[in-house]
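>>> just coords:
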């Protein structure tokens, strides 16, 4: 199919969409105006799929009377490509001009890295709240002009926009050496986690939500005085990091099921946090935010999640700084640079050996290490690393496994 003939096919598809909307709007007596776009829009996406020769599936989302849930999720070749938000004809697609409910909804959706807005006449693409390319405006008004609202130039402009929209891929930021840029990744992950937090907060308002029972269980076991907002925050972070850990533990391809299975043996609480989301109702409540987290974390290279020098040790501080700076300040989540940790551990070990008569330093059976504010465990890991090197120097490599086990209760 040549580019010219493809453009004509897209034009015909758009004209059919415009005619269908015109017919529905002319008979509108009840219901919301944007609802009149749903059927025609689904047919439009089917036509676009045929024209481009791509496997596109457009699935309607369930709103559950909430602000911020997009109308459709769009999958290309079975992978999430983005979302679509329909507006009533005349509202437009420029979020800067939205007011009231539409403005609130667009603010909440601003974390979505690929979303299409359209009222049928205007079409605009946004990524993480920023407009991409130009807003495409049809030459006429589909509610009045029907197929005559669409010109060949309109079809070409919209084809370019559709291609840009459907070509979205999550890109994990890297540094000059090709290693993952953890601060950049934290900035990518944080707004999606905030979306999930908002979804959990909304779900807790519904007594029938599975999240309500889970919140009760967490309060009984972990946080007896946690408010709904505090639980939503803790649960959203838990899910995000459970998916990341599941990816690290071999969940490939990454799904809720594969992540849960990877965590079930050693991380029961994290596994349970994901298991709740396999409930159809909970899955629906979390659909947009959860699918985006899965899509983004799934492309994190597994090789970057392991290594002798663990770069992820300080990731939580970077994440909190992007996710919720106030929470970071309130919890005191500030890490000590590894160079400082090693220097302090070395000085204390020297004191143990030379002043307190403990030849193995931290590895001596009479030495107990206590960190009352462990955080990410930087100091404890530094102690273990230093102690095992000392054991290997003094007793040989064969003694290291046994001493590593003995250090467990530090």
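Received, thanks. All figures in this text were calculated on a predicted structure; none of them were measured in a lab.

>>> which one is residue 149 nearest to, not counting chain neighbours?
Once flanking residues are discounted, residue 149 sits nearest to residue 140: 3.1 Å by CB to CB, 6 or more residues apart in numbering. Quick note: C-beta positions are derived from backbone N, CA and C, even for glycine.

>>> likewise residue 296?
Spatial nearest neighbour of residue 296, excluding adjacent residues (CB to CB, 6+ apart): residue 170 at 4.5 Å.

>>> element containing that neighbour, please.
Assigned by DSSP states H and E, residue 170 belongs to no helix or strand.

>>> Please list all residues in contact with it.
By CB atoms under 8 Å, 6 or more residues apart in numbering, residue 170 lies in contact with 113, 188, 295, 296, 299.

>>> now with 7 Å?
Taking CB atoms under 7 Å, 6 or more residues apart in numbering as the criterion, residue 170 is in contact with 113, 295, 296, 299.

>>> Kindly list the main-chain dihedrals of the first one?
Same thing as residue 113. phi -80, psi 0 (degrees, to the nearest 10).

>>> So it versus residue 252, what's the distance?
According to CB to CB, to the nearest Å, residue 113 and residue 252 sit 22 Å apart.

>>> do residue 176 as well
In terms of CB to CB, residue 176 sits 27 Å off from residue 252.

>>> Compare the two and say which is more crowded by neighbours.
residue 252 (12 against 6; other CB atoms under 10 Å).

>>> secondary structure class for that one?
coil (DSSP: H, G, I helix; E, B strand; the rest coil).

>>> got the contacts of residue 170 as JSON lines, with pLDDT, secondary structure and distance to residue 42 columns?
As requested, the contacts of residue 170 are exported to JSON lines (pLDDT from 0 to 100; DSSP: H, G, I helix; E, B strand; the rest coil; distance: CB to CB, whole Å):
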{"residue": "113", "pLDDT": "95", "secondary structure": "coil", "distance to residue 42": "23"}
{"residue": "295", "pLDDT": "96", "secondary structure": "helix", "distance to residue 42": "22"}
{"residue": "296", "pLDDT": "95", "secondary structure": "helix", "distance to residue 42": "26"}
{"residue": "299", "pLDDT": "93", "secondary structure": "coil", "distance to residue 42": "28"}
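
>>> Between all of these, which two are at the greatest distance?
For those, the maximum inter-member distance is 12.1 Å, found between 113 and 299 (CB to CB).

>>> the more surrounded of the two?
Between residue 113 and residue 299, counting by other CB under 10 Å, residue 113 is the more crowded of the two (21 against 13).

>>> residue ranges for the strands of the chain, please.
Here the chain has its strands, by DSSP state E, at 56-60, 72-76, 79-86, 115-118, 122-127, 130-137.

>>> Skipping adjacent residues, who's closest to residue 388 in space?
Using CB to CB, 6+ apart and skipping the chain neighbours, the partner closest in space to residue 388 is residue 400 (5.5 Å).

>>> pLDDT on the longest helix along the chain, on average?
Secondary structure of the chain per DSSP state H: the longest helix is helix 3-26. For helix 3-26, mean pLDDT rounds to 83.

>>> Quick one: find the helix or strand in the chain with the lowest mean pLDDT.
Least confident helix or strand of the chain, by mean pLDDT, DSSP states H and E, is helix 325-331 with a mean of 60.

>>> center of this structure, which residue is that?
Nearest residue to the geometric centre of the chain (CA atoms, centre = their mean): residue 293, 2.7 Å.

>>> Buried residues, stretch 94-105. List them.
Buried residues in stretch 94-105, counted by 16 or more other CB atoms under 10 Å: 95, 98, 102, 105.

>>> typed the wrong thing, it's stretch 341-352
Neighbour counts over stretch 341-352 (16+ other CB under 10 Å) mark 341, 345, 348, 349, 352 as buried.

>>> What of stretch 125-134?
For stretch 125-134, the neighbour count (16+ other CB under 10 Å) marks 125, 126, 127 as buried.

>>> Can you lay out the residues you listed as a markdown table showing distance to residue 17 and pLDDT?
As requested, these are exported to a markdown table (distance: CB to CB, whole Å; pLDDT from 0 to 100):
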| residue | distance to residue 17 | pLDDT |
| --- | --- | --- |
| 125 | 18 | 98 |
| 126 | 21 | 97 |
| 127 | 24 | 96 |
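
>>> Pick out whichever of those sits closest to residue 317.
The shortest approach to residue 317 among the buried residues of stretch 125-134 belongs to residue 127, at 26.4 Å (CB to CB).
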